[in-house]
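Participant: sequence below, structure please.
(one chain, ligands or ions: 1)
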Amino acid sequence: MSTQVVVVGAGYAGAGTVKAFEDAIEPDEAELTWVSEHDYHLVLHEAHRVIRKPEVESKVAIPVEEIKSDDTEFVRGRVTEVDADERVVRTRAGDEIDYDYLLLAVGSATAFFGIDGLREHALTLKTLDDAREIHQAVKTAGEEATTTDPAKVIVGGAGLSGIQSAGEIAEFRDDHKAPIDVEIVEGLDSVFPNNDPEVQGAIRKRLDGKEIGVSTGEFISKVDEHAVYLGGAETEYYGEDGEGDAPAPEDIDFSDDLVMEYDVLLWTGGITGHDEVDDFGVDADDRSGRVYAESTFETSADGVFAIGDTALVEQDDDEVAPPTAQAAWQAADVAGENLARAVRGAPLKSWRHEDKGTLISIGEEVVAHDVQAPGFKIPVNTFGGPAAKALKKGVASRWIADVTSLGRAVNAWGDM
Ligand SMILES: Cc1cc2nc3c(=O)[nH]c(=O)nc-3n(C[C@H](O)[C@H](O)[C@H](O)COP(=O)(O)OP(=O)(O)OC[C@H]3O[C@@H](n4cnc5c(N)ncnc54)[C@H](O)[C@@H]3O)c2cc1C
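Facilitator: Sure thing, here's the model as predicted:
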């Protein structure tokens, strides 16, 4: 029997690795099985577009059949366990798939940081179903509201997904003249935290221009079915002694800055490993639930590799690669080659993430920061306008062309 290689996950990391491995290996050297929960690759970094226009899903959900070669077998299923001693992957449906080499690329889950009530009441954005659900919730809230009593949509977290989702919700509001207030709540001191003040300022300007409210500097400490409580608000509201002193909900003064009533709450405030990672037989970080991986993507288990959001991939300087689409697709190129090298018993390559800059949409607008365009140096560090928009469209379309066809990329261009 030839060497068995298994790739789990159909995100950037999984789809990119499958393509790179297929390019690097001859069919008689190894058999590749690709396992993922859904039978399509989701272009997750543009999934927020579905909130505004559900029809965009045909552009961002690409059937795996269009990506893989005929020699690669696809198994649809959610992997719940890896037996690293027996070298077998098990799915929820009971499939068992043997491997000699395994790549884990299952992405990440939303982190709730133990915030009281958040998991129960917030929507999240990680899948196509999530995007559809957010669209429906925003639409319904708008239909049930009036101009004198607009619906309130709160987006928790002002990272890439929070800012871009808020932008799409605001575009939906404007396209449909829906009575909706949109507000981003970020616990740190600025939008797009821990980044250059120049790009933070450029994003803030576009959020203001799009009439998206921004609250920074107070963390969400509690959520219930009516409201989000910031900082110490829940203590103030529920009383120092707890429930006994709590006023009735109708007595809540929701005008208080620290208690924000909502109709729709979307939480994008952080990522963590999937629960199943505990049963993957590899060492993972206790706090983040993400798998430790060397710069070759090797994990603590023999023959098991991990990349993308799933992994904390070591870099030279005690840092780990960032959890971004950009990092996942760069890593996938090398991971595919390393799987082929492992099959041949050749030395593995080390990978180092190269930051190619940031492109972030706020609805129809885009902010570009520190972007390297192929072949020339862009003289301005942070900019918007048609050039930034074209670059963002170009990045998404290029990825789609790389994993499928130019025709599909051209078709997606208008909606990216
Ligand atoms: C709204 C939004 C906007 C973003 N914008 C940007 C951006 O502008 N730029 C950027 O660089 N990054 C952006 N990101 C982050 C980026 O999308 C992620 O870093 C990237 O998707 C990680 O790729 P991945 O392949 O590791 O995981 P994913 O893309 O999440 O793929 C994981 C895959 O594994 C499958 N899977 C999960 N669990 C299992 C299991 N147990 N068994 C089998 N299959 C499983 C999933 O179905 C999926 O196919 C954004 C993210 C979001 C949510």
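Participant: show me the helices in the stretch 201-350 of the chain, by range?
Facilitator: Assigned by DSSP state H, counting those that start in this stretch, the helices in the stretch 201-350 of the chain fall at 233-238, 325-344.
Participant: wait, which of those is closest to Arg90?
Facilitator: Nearest to Arg90, of all these, is helix 325-344, at 20.6 Å by CB to CB. (Glycine included, C-beta is placed from N, CA and C.)
Participant: immediately after the closest one, which helix or strand?
Facilitator: Where DSSP states H and E defines the elements, the next helix or strand beyond helix 325-344 is strand 358-362.
Participant: can you tell me what sits against that next one?
Facilitator: Contacts of strand 358-362 with the rest of the structure, by CB atoms under 8 Å, 6 or more residues apart in numbering, involve 48, 160, 163-164, 166-167, 170, 192, 195, 199, 203, 206-207, 210, 212, 366-371, 388, 391-392, 395.
Participant: tell me the strands beside that strand, with direction?
Facilitator: Taking DSSP bridges as the criterion, strand 358-362 forms sheet pairs with strand 365-369 (antiparallel).
Participant: how far away is the residue in the stretch 1-150 of the chain positioned nearest to the ligand from Thr146?
Facilitator: The nearest approach of the stretch 1-150 of the chain to the ligand comes at Gly11, 1.9 Å away (CB to the nearest ligand atom). From Gly11 over to Thr146 the distance is 41 Å, taken as CB to CB, to the nearest Å.
Participant: what does Lys59 give?
Facilitator: Going from Lys59 to Thr146 by CB to CB gives 34 Å.
Participant: so those two - more neighbours on which side?
Facilitator: It is Lys59, of Lys59 and Thr146, that has more neighbours when counted by other CB atoms under 10 Å, with 23 against 8.
Participant: what's the burial count for the closest residue to the more buried one other than its chain neighbours?
Facilitator: The shortest distance from Lys59 to any non-neighbouring residue, by CB to CB, 6 or more residues apart in numbering, is to Ala412 (4.1 Å). Ala412 has 24 neighbours, counted by other CB under 10 Å.
Participant: which of the helices or strands spans Ala412?
Facilitator: helix 406-413.
Participant: elements contacting that helix?
Facilitator: For helix 406-413, the elements it packs on are helix 57-60, helix 385-403, judged by 3 or more CB pairs under 8 Å, 6 or more residues apart in numbering; DSSP states H and E.
Participant: can you give me the helices in the stretch 1-150 of the chain?
Facilitator: So, for the stretch 1-150 of the chain - with DSSP H, counting those that start in this stretch - the helices run 12-24, 49-52, 57-60, 118-121, 128-144.
Participant: any chance of those in JSON lines, with distance to Ala328 too?
Facilitator: Below are the helices of the stretch 1-150 of the chain laid out as JSON lines (distance: least, CB to CB, whole Å):
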{"stretch": "helix 12-24", "distance to Ala328": "4"}
{"stretch": "helix 49-52", "distance to Ala328": "19"}
{"stretch": "helix 57-60", "distance to Ala328": "15"}
{"stretch": "helix 118-121", "distance to Ala328": "25"}
{"stretch": "helix 128-144", "distance to Ala328": "18"}
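Participant: switch these over to CSV; also include mean pLDDT.
Facilitator: Output for those, formatted as CSV (pLDDT from 0 to 100):
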stretch, mean pLDDT
helix 12-24, 98
helix 49-52, 97
helix 57-60, 94
helix 118-121, 96
helix 128-144, 98
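Participant: of all those helices, which lies closest to Asp100?
Facilitator: Across these, Asp100 has its closest neighbour in helix 12-24 (13.1 Å, CB to CB).
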